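Chemist: Next input, structure requested:
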Amino acid sequence: MKKQQKGITLVALVITIVVLIILAGVAISLTLSDNGIFNRARDAKDKYMNASNQESSELKNAEHFMNELDV
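Modeler: Reported below is the predicted structural model:
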């Protein structure tokens, strides 16, 4: 009788490593590409700052208008 060997086979190990490499490539691509997470966050920050500046300007204009009406 032969003893049953327990453990992981070389084929299973290679397949696992290949799958992990593919997943890492996809994750890096989604993070660093032109439409990646970092670029989208930077664009969102820029849009927020522009909207904030525009709102501030509009509030100053409204305040100036209200002060003119009080005179």
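Chemist: Show me what the longest helix along the chain is packed against.
Modeler: Using DSSP state H to assign secondary structure, the helix with the most residues in the chain is helix 37-70. The elements that helix 37-70 packs onto, with contact taken as 3 or more Cβ pairs under 8 Å, 6 or more residues apart in numbering; DSSP states H and E, are helix 10-32. Quick note: C-beta positions are derived from backbone N, CA and C, even for glycine.
Chemist: Distance from the chain centre to the helix it packs on, please.
Modeler: Counting by Cα atoms, centre = their mean, to the nearest Å, helix 10-32 is centred 20 Å from the centre of its parent chain.
Chemist: likewise stretch 9-27?
Modeler: Distance, centroid of stretch 9-27 to centroid of chain: 24 Å (Cα atoms, centre = their mean).
Chemist: now could you export just the CA positions of that stretch as PDB?
Modeler: Listed in PDB are the C-alpha atoms of stretch 9-27, where the atom choice follows Å, rounded to 0.1, in the frame of the first residue of the first chain:
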ATOM      1  CA  THR A   9       0.800  20.400  -5.900                       C
ATOM      2  CA  LEU A  10       3.100  22.500  -8.000                       C
ATOM      3  CA  VAL A  11       0.300  23.000 -10.600                       C
ATOM      4  CA  ALA A  12      -2.100  24.400  -8.000                       C
ATOM      5  CA  LEU A  13       0.600  26.700  -6.700                       C
ATOM      6  CA  VAL A  14       1.400  28.000 -10.200                       C
ATOM      7  CA  ILE A  15      -2.300  28.500 -11.000                       C
ATOM      8  CA  THR A  16      -2.700  30.500  -7.800                       C
ATOM      9  CA  ILE A  17       0.300  32.700  -8.500                       C
ATOM     10  CA  VAL A  18      -1.000  33.400 -12.100                       C
ATOM     11  CA  VAL A  19      -4.400  34.300 -10.800                       C
ATOM     12  CA  LEU A  20      -2.900  36.700  -8.200                       C
ATOM     13  CA  ILE A  21      -0.700  38.300 -10.800                       C
ATOM     14  CA  ILE A  22      -3.700  38.900 -13.100                       C
ATOM     15  CA  LEU A  23      -5.700  40.400 -10.200                       C
ATOM     16  CA  ALA A  24      -2.800  42.600  -9.200                       C
ATOM     17  CA  GLY A  25      -2.500  43.800 -12.900                       C
ATOM     18  CA  VAL A  26      -6.200  44.700 -13.000                       C
ATOM     19  CA  ALA A  27      -6.100  46.500  -9.700                       C
END
